[in-house]
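Visitor: build the 3D model from these lines:
(2 chains)
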Amino acid sequence: MTPTSPLIAKRRGRSAVFGLSLLRFLAIVATTYFGLLAVTFFIGRVIPIDPVLAVVGDRAPAHVVERARETLGFNLPLYQQFFLYMKAALTGDFGISVLTSNPVLTDIRRVFPATMELATVGTLIGTLLGVPLGVLAAVKRGSLVDQVVRVVGLVGYSVPIFWLGLLALLLFYARLQWVAYPGRIDVVYEYSFTPVTGFYLLDSAWQGQWDVFRDVFRHIILPAGLLGYFSLAYISRMTRSFMLNELSQEYIVAARAKGLSESRIIWRHALRNAAVPLITVIALSYAGMLEGSVLTETVFSWPGLGLYITNSLQNADMNAVLGGTIVIGSVFIGINMVSDLLYRTLDPRTRAR
Amino acid sequence: MTNLLTVEDLRVSFPTRSGTIEAVRGVSFTLGKERLGIVGESGSGKSQTGRAIMGLTPPHAKITAKTLNFAGVDLLTASAHSRRQMRGNRLAMILQDPKYSLNPVMTIGRQIVETLRTHQRISKADARARALAMLEAVQIREPERVFALYPYEVSGGMGQRAMIAMMLIADPELMIADEPTSALDVTVQLDVLRILDRLVAERGMGLIFISHDLRLVSSFCDRVIVMYAGKIVEELAAIDLPNAKHPYTQGLLNCMPTLGTDRHPLPVLQRQPEWAL
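Guide: Numbering: from 1, shown residues only, chains lettered A, B, ... in the order given. Got it, this is the predicted structure:
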């Protein structure tokens, strides 16, 4: 046997393990998805809203109500309804929104990118600022920096976002004129700019329309900054406590005994280990924002998912609400998958199992 | 023979809210290129002595000494930067449990290479070759394979050998081994000790071996220091250990069962308050 052969055998073993875990992974996703559909179906049937009435109105004659009930499939036995619901949901057909009379999926395709763009920029801000702040607070524990980070975090935790949003608008838009007014884009560009993906920052950059990009940026920066601040508050606290835990480990003493520089010990050794649980924290905060932050979207007139679902709910538009719920559920499943994969790449110990 | 390390009246104390804790209270010894054992129970200050020499005491600790000299360098006045450059390069330390003292998310090979590349300008390929040679020197049979493994994938004995490789690769002049075998299986302890012993002898290094195992220390070291409550209570050559004068050392020796005799009950160490004075 050559000395390299065990290495190859090991690699092959790893890929087999990975193949198996991928299968298990898909099974878990399928089960979760089934559960999600079952729960949303159940909710749709038990709430005291008659979806037929929402369509035809409460003054419709009896035969119209009956016909609507049949076209919507509510005369069928429950298990058949569930089957049809599953089939429709899996093909992305959530029915027609009563409020907008568009297919729900079309509506969601329009509003979800708005929310996702906001959430992504917000999470980027929260992570890029929150992680270094948390690291700094942990390294300089008990110092002035630590106290400042603590207060910043506490304010982020406890101040209501709509209040802070209004104040921020008053200061940065009304007084200082640094940012644009609420909404995603200026009226001027609303007709000259055709979005492709619905992510305005990407679309305008892709099309080389830098004036549009600048305008979109001026619109998104304030709400995204606020969302980012709230996730920063959470992320920096968690980073601090994960880092304190890692910095007290023996391998840090060993790294010092090796003569490594302090910055290498902090960023390459401690943070690299703290990153493993941090992934979950960041992913959860991102997923939370992807639900659509109703308050932020209301204050900033952001045409996102949160606003859409809230409006639908208030108008008894059950198709839209259930469709939105399923989309949010799918997003959660997707983000969990991604953070699981990241977990595997970051922590070698989870790969073996 | 010039002394590699001179320690005179070393004191380490930790100020806390409820008063100052004095972990080390006036320890003096000298070390040449020999193997010195420091024995003592938990809290006797033996580990803190080692860490003070390494410069690894927490920042809030207070360290004073009349002399703390390593190969002509005054460690008390040396800058933090120059002390860092000495660590891993001229002074190295092996910690107790490889399960915790190796970075769990870095391969063993990278951790060894890291020590080398911190202190020497050396290409990645050369560093890798040196690390593989070092792994072979600590008697790891498949260095190529172990190089790519993560710490959780190896046994305690192999992990500790990797630790030794990581700390010896830059050829330090003094090695402080802080309970290097206490976390290991008894059957592996002797293997690891033998490897450490051979490498220390081959490279002509000084060794401070910190342990609570008097028997182990006496069979492995040239000289033994016995510490109690932050002070040295006795210093003697390892072969003279049976003739120890201090009652604490005698007590420690008496606690050990001997083969062939049937002593019941085993004597228990009786601590005297005046030892701690």
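
Visitor: can you give me the buried ones in the helix of greatest length in chain B?
Guide: Ranked by residue count, the top helix of chain B under DSSP state H comes out as helix B:186-203. The neighbour-count check on helix B:186-203 (16 or more other Cβ atoms under 10 Å in any protein chain shown) flags B:188, B:189, B:191, B:192, B:193, B:195, B:196, B:197, B:199, B:200 as buried. In this view, the C-beta of every residue, glycine as well, is placed from N, C-alpha and C.

Visitor: stretch A:240-253 now?
Guide: Buried residues in stretch A:240-253 (16+ other Cβ under 10 Å): A:240, A:242, A:243, A:244, A:246, A:247, A:249, A:250, A:251, A:252, A:253.

Visitor: isn't the last one right up against residue B:56?
Guide: Yes: if you go by Cβ atoms under 8 Å, residue A:253 and residue B:56 touch, sitting 6.1 Å apart.

Visitor: now stretch A:134-154: average pLDDT?
Guide: Across stretch A:134-154, pLDDT averages out at 92.

Visitor: er, stretch A:270-285 I mean
Guide: Averaging pLDDT along stretch A:270-285 gives 93.

Visitor: stretch B:199-217 now?
Guide: Mean predicted confidence for stretch B:199-217 is 88.

Visitor: and that stretch, C-alpha only, in PDB?
Guide: Listed in PDB are the C-alpha atoms of stretch B:199-217, where the atom choice follows Å, rounded to 0.1, in the frame of the first residue of the first chain:
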ATOM      1  CA  LEU B 199      13.400  15.500  21.500                       C
ATOM      2  CA  VAL B 200      14.500  17.600  24.400                       C
ATOM      3  CA  ALA B 201      17.700  15.700  24.800                       C
ATOM      4  CA  GLU B 202      18.400  15.700  21.000                       C
ATOM      5  CA  ARG B 203      17.900  19.400  20.700                       C
ATOM      6  CA  GLY B 204      19.700  20.300  23.900                       C
ATOM      7  CA  MET B 205      16.700  22.300  25.300                       C
ATOM      8  CA  GLY B 206      15.900  23.200  28.800                       C
ATOM      9  CA  LEU B 207      12.700  21.700  30.100                       C
ATOM     10  CA  ILE B 208      10.300  22.700  32.900                       C
ATOM     11  CA  PHE B 209       8.000  19.800  33.600                       C
ATOM     12  CA  ILE B 210       5.000  20.800  35.600                       C
ATOM     13  CA  SER B 211       3.000  18.000  37.100                       C
ATOM     14  CA  HIS B 212       1.200  16.800  40.200                       C
ATOM     15  CA  ASP B 213       2.600  13.300  39.700                       C
ATOM     16  CA  LEU B 214       5.700  13.000  42.000                       C
ATOM     17  CA  ARG B 215       6.600   9.600  40.800                       C
ATOM     18  CA  LEU B 216       6.500  10.600  37.100                       C
ATOM     19  CA  VAL B 217       8.500  13.700  37.700                       C
END
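
Visitor: buried residues in it?
Guide: B:199-200, B:205-214, B:216-217.

Visitor: now do the SS call for the residue in chain A that chain B sits nearest to.
Guide: Nearest residue of chain A to chain B (Cβ to the nearest Cβ) works out as residue A:259 at 3.4 Å. Assigned by DSSP: H, G, I helix; E, B strand; the rest coil, the conformation of residue A:259 is coil.

Visitor: on the three-state scheme, residue A:27 is what?
Guide: Classified using three-state DSSP, residue A:27 is helix.

Visitor: err, residue B:176, not the other one
Guide: Going by three-state DSSP: residue B:176 is strand.
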